[in-house]
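One predicted model, sequence on top.
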Amino acid sequence: TLVTVTNSGGTTATSMAHDSFGGDAVFDYEISGLYPGDTGTCGTTLASAASCTLAIVYSPTAVLYNTGTVNITYDDGAVVGQTASGNLDGDGLRPFFGTGIDGDLTIAAANTDFSGLTLANAHKVTAVVGLASVTNNVLTLNGTISVNDFAVGDEIMWIVTQAGTSSVGCGALHGSYGFDDVTASTSTTITISANFPLPNVDSTELAQASNVATFCRIQILKVPNLNSLTVNAGADTFVPSYDHATGKGGIFAVRVSGTLTLTGDINMNGKGYSGGSGNGSSGAKGHSEIGSGILSNVVDAASNAMGGANGVRTSNGAAGGGGYAAGGNGGGSVSGAAGGAAQNYCPGPLACLPSQRLFMGGGGGASSSVAQGGNGGGIVYIIADTITGIGIVKTYGADGVIDPWSGGGGGGGGSILIKANSLGAGAWTARAKGGDGGDSPHDGGGGGGGAAELLYCATTNINIFIDVAGGTSLNGGGNGFAPTNGFNGFGPAPAVAGCP
């Protein structure tokens, strides 16, 4: 950046020289670090009414707004050692692959809770909290946090994980997500760098109970900016399942400025929307993006959007949950049709890819208090410069449970979005399969397959295997309708995409 210096006095300035930089220590002279910078034109003298330039470089060390001053000394013919100052400022922007400021992390043990880990500075690797209200760029939280949860300079991800069918601020925004940077925080608020992009979100909606037509759930999670992430062979890591009561969980998100070495697994199987439960011989619909599954003894019940329809213990199996694709019907009997198959999460083909919206898998329906539905798969969001290894990124829907008469529906597969400069070497795998329906006299339907979208900027790997198959269901349907498999989801070969 060229900073212009103008002599507005009536005499020539002499003995011009650098004095100091003030404020944040992120400003210096271009290239050489010497006055006036390699492309600057200022020298030791400057005539009256003349101008020259200082070439100054801004090198932020964090994603923050920085201020400072540049100070030079000069003589004006009457006074020796005068000082002139100019103000400097700049916004430290986050590189696409992250800052790497959170360092290196290795997952060495099986069943490692990613949210339970800490960094070298004692801050948590990741944290999550619900949103209670929004005023411009100030987010009031549904819970309390500390500086170890969300610190200035941290990256946050926001995502609309559930909303009622009549929500105003969240209506039709299910699965919408975005990112911002923390500029300040208290125990109950986070201030971000720009106004929250959903201005119509209403605190009343955020406070409503699930299944109220106008309720809304938005969660805020810290996205660690690691230098490297290694998952060792035999190890796997996860974050806790989505909690319908608190509206948080079920999302694994990370940025890696260097290499993600995946020899073990990132495991979000069954971490999405919960499967239906039940009471006696009545089952509940699976939980979904529009709310919790309700108890029903209707044999041919409709689905709960992505949540599979319930079955009834001695009459029919429950339907599978939906993912990117629709779930399968449960097996019916002579006395009733199969339960309604869960919907896929956006109407029409290719309407909502993970790069556009992110969804957990819908829960499978239940047929009784025992034959419960499988949970849907969670969400995996990874940005990394390079990914290599032989491990698995997986977010399966869980299988339906059985009782002696009927089966619960399988959960829908979740969502995987991976963006990398290089998808690297090794035969690693991305899986977002639907769960299988419970195998009983009246089988549950298979869960719909989820979505796995892999994008790269420079190089790919032909050995990557992608699996988004729908869950299976056997043929137990009594004398009525046969159960069906879940439909396959979205999982094309890795595609080229520009990295900013």
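Yes, it's here.

okay, CA-based contacts and neighbour counts for the rest of this
Noted.

Now residue 80. Nearest residue, chain neighbours left out?
residue 74 (7.0 Å; Cα to Cα, 6 or more residues apart in numbering).

measure the one you found to residue 85 for me?
11 Å (Cα to Cα, to the nearest Å).

Over to residue 55?
15 Å.

With neighbour numbers in mind, choose between those two.
residue 55 (22 against 15; other Cα atoms under 10 Å).

Which elements pack onto the helix or strand harbouring the more buried one?
Secondary structure assignment for residue 55, by DSSP states H and E: strand 51-58. Judged by 3 or more Cα pairs under 8 Å, 6 or more residues apart in numbering; DSSP states H and E, the packing partners of strand 51-58 are strand 2-6, strand 27-29.

try it again with 10 Å
Strand 51-58 sits against strand 2-6, strand 27-29, strand 65-75, strand 82-91, with contacts defined as 3 or more Cα pairs under 10 Å, 6 or more residues apart in numbering; DSSP states H and E.

could you dump the ones you listed to TSV with distance to residue 152?
Shown next, in TSV, are these (distance: least, Cα to Cα, whole Å):
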stretch	distance to residue 152
strand 2-6	29
strand 27-29	20
strand 65-75	11
strand 82-91	14
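
Go through these and name the closest to residue 263.
strand 82-91 (37.1 Å; Cα to Cα).

who touches the helix or strand that the closest one is followed by?
Downstream of strand 82-91, the first helix or strand assigned by DSSP H and E is strand 104-107. Residues outside strand 104-107 that contact it (Cα atoms under 10 Å, 6 or more residues apart in numbering): 113-114, 117-120, 125, 225-237, 256, 258-262, 264-266.

Going through those, which ones are buried?
With neighbours counted by 16 or more other Cα atoms under 10 Å, the contacts of strand 104-107 contain buried members at 114, 118-119, 125, 225-233, 235-237, 256, 258-262, 264-266.

ok so, going back, for the residue nearest to residue 80, grab the count of nearby residues.
Neighbours around residue 74, by other Cα under 10 Å: 22.

Could you give the bridge partners of it?
residue 82 (DSSP bridges).

list the contacts for it?
12-19, 44-46, 80-84.

Check those residues and tell me the two furthest apart.
Farthest pair in the contacts of residue 74, by Cα to Cα: 12 and 19, 18.8 Å.

Run a quick neighbour tally on the residue nearest to residue 10 when sequence neighbours are not counted.
Leaving aside its chain neighbours, residue 10 sits nearest to residue 48 (5.4 Å; criterion: Cα to Cα, 6+ apart). As a burial measure, residue 48 scores 14 neighbours (other Cα under 10 Å).

quick check, residue 48 in a strand?
No - counting by DSSP: H, G, I helix; E, B strand; the rest coil, residue 48 is not found in a strand; it is coil.

Strand partners (parallel or antiparallel) of the helix or strand bottoming out on mean pLDDT in the chain?
Using mean pLDDT, DSSP states H and E, strand 295-296 stands out as the lowest-scoring helix or strand of the chain, at a mean of 74. Using DSSP bridges, strand 295-296 pairs in its sheet with strand 282-284 (antiparallel).

can you list the weak-confidence ranges in this protein?
167, 297-302, 312-319, 328-351, 474-484, 500 (pLDDT under 70).

where along it do the helices fall?
Secondary structure of the chain (DSSP state H): helices located at 203-207.
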